[in-house]
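Q: sequence first, then the predicted structure, then my questions.
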Amino acid sequence: MIDVPTPATIEDLVTGLNIFSRAEIPSEKKSAMIVDYFKLYKNNDWQKFAFWDDFRYTRNLIEEIDGCYSLILMCWPEGSASRIHDHPNADCIMACLDGKIKYRIITSIKFELTSRETQLNWPEADDNKPVILSKETFAVSGEVLHMNDSMGIHRVENASSSDRAATLHFYFPCIHECLIFAEDSGRSTKVKMCYHSIKGVKQAPQNISRGAQCIS
Ligand SMILES: N[C@@H](CS(=O)O)C(=O)O
Ligand SMILES: [Fe+2]
């Protein structure tokens, strides 16, 4: 039995995640336990970490223990989406806190590997177009998903063009770069995963490198 506080506040949630992250439990079991733990968090106090951009989703770091985990609030303006990407060697628990999220998992795509092999077994396409097989899931406030690359690479989208959405992501271990995949060619590019704010403090614009080199 793991003794964690009921996550009445985001600080309690972080305390519990610190305990889970140190516990010696197989990662599948740990993921399932954290999914259940996230479902108990119903407060709105995450809003103190929320910084928004009009067009792109923002990545707001709440807590990170290097080499161990990151807890990140993602703020999705109306209609915004991530690009198809991987989560190299990390599990991610994603809770929808507000709005409606479309989660597309991609299990087949022709793509170029850059720096590392993946555990996935991608079929070859016959021409230069990528083969994309994907499955869509929707999540609304209070729902929690577990994802990792053995399930496929993925893309997340705010399903609404009129309302904002917010998600909370727990990565273990932390990831600071990933591959994004072009939908038209399947070509991959390694990008950094930059923070828009850290522990409630917005980063200076020059420190938020965005666009081509960054996931958001
Ligand atoms: N993994 C993405 C968010 S999502 O689209 O899964 C990120 O860390 O920015
Ligand atoms: Fe992701």
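A: Done, it's in. Ligands and ions are numbered 1, 2, ... in the order given.

Q: where does pLDDT dip in the chain?
A: For the chain, the stretches with pLDDT under 70 are 108-131, 209-212.

Q: what are the phi and psi values at the residue nearest the centre of it?
A: Geometric centre of the chain, nearest residue: residue 169, 5.1 Å, by C-alpha atoms, centre = their mean. Residue 169 adopts backbone torsions of phi -120, psi 130, taken as degrees, to the nearest 10.

Q: which ones are touching it?
A: 70, 71, 72, 73, 74, 92, 93, 94 (C-beta atoms under 8 Å, 6 or more residues apart in numbering). (Glycine included, C-beta is placed from N, CA and C.)

Q: try 7 Å
A: By C-beta atoms under 7 Å, 6 or more residues apart in numbering, the contact set of residue 169 is 72, 74, 92, 94.

Q: filter the residues you listed by proximity to ligand 1?
A: residue 74 (C-beta under 6 Å from any ligand atom).

Q: what's the most distant pair in the contacts of residue 169?
A: The largest separation in the contacts of residue 169, counting by C-beta to C-beta, is between 74 and 92 at 11.0 Å.

Q: who's more crowded, those two?
A: residue 74 (23 against 19; other C-beta atoms under 10 Å).

Q: now for the closest residue to residue 198 other than its chain neighbours, how many residues are close by?
A: Leaving aside its sequence neighbours, residue 198 sits nearest to residue 61 (C-beta to C-beta, 6 or more residues apart in numbering; 4.7 Å). Counted with other C-beta under 10 Å, the neighbours of residue 61 add up to 20.

Q: go on, residue 176?
A: Going by other C-beta under 10 Å, the residues that sit close to residue 176 add up to 13.

Q: where's it relative to residue 82, distance?
A: 16 Å (C-beta to C-beta, to the nearest Å).

Q: over to residue 204?
A: 23 Å.

Q: next: residue 198.
A: For residue 198 relative to residue 82 (C-beta to C-beta), the value is 20 Å.

Q: tell me which stretches of this structure form helices.
A: 10-22, 27-39 (DSSP state H).

Q: can you pull the buried residues of the last one?
A: In other words, helix 27-39. 30, 31, 33, 34, 35, 37, 38 (16 or more other C-beta atoms under 10 Å).

Q: how about stretch 184-192?
A: Result for stretch 184-192 [16+ other C-beta under 10 Å]: buried residues 186, 187, 188, 191.

Q: one more: stretch 171-184?
A: 171, 172, 174, 175, 178, 179, 180, 181.

Q: chain center to it: distance?
A: 9 Å (C-alpha atoms, centre = their mean, to the nearest Å).
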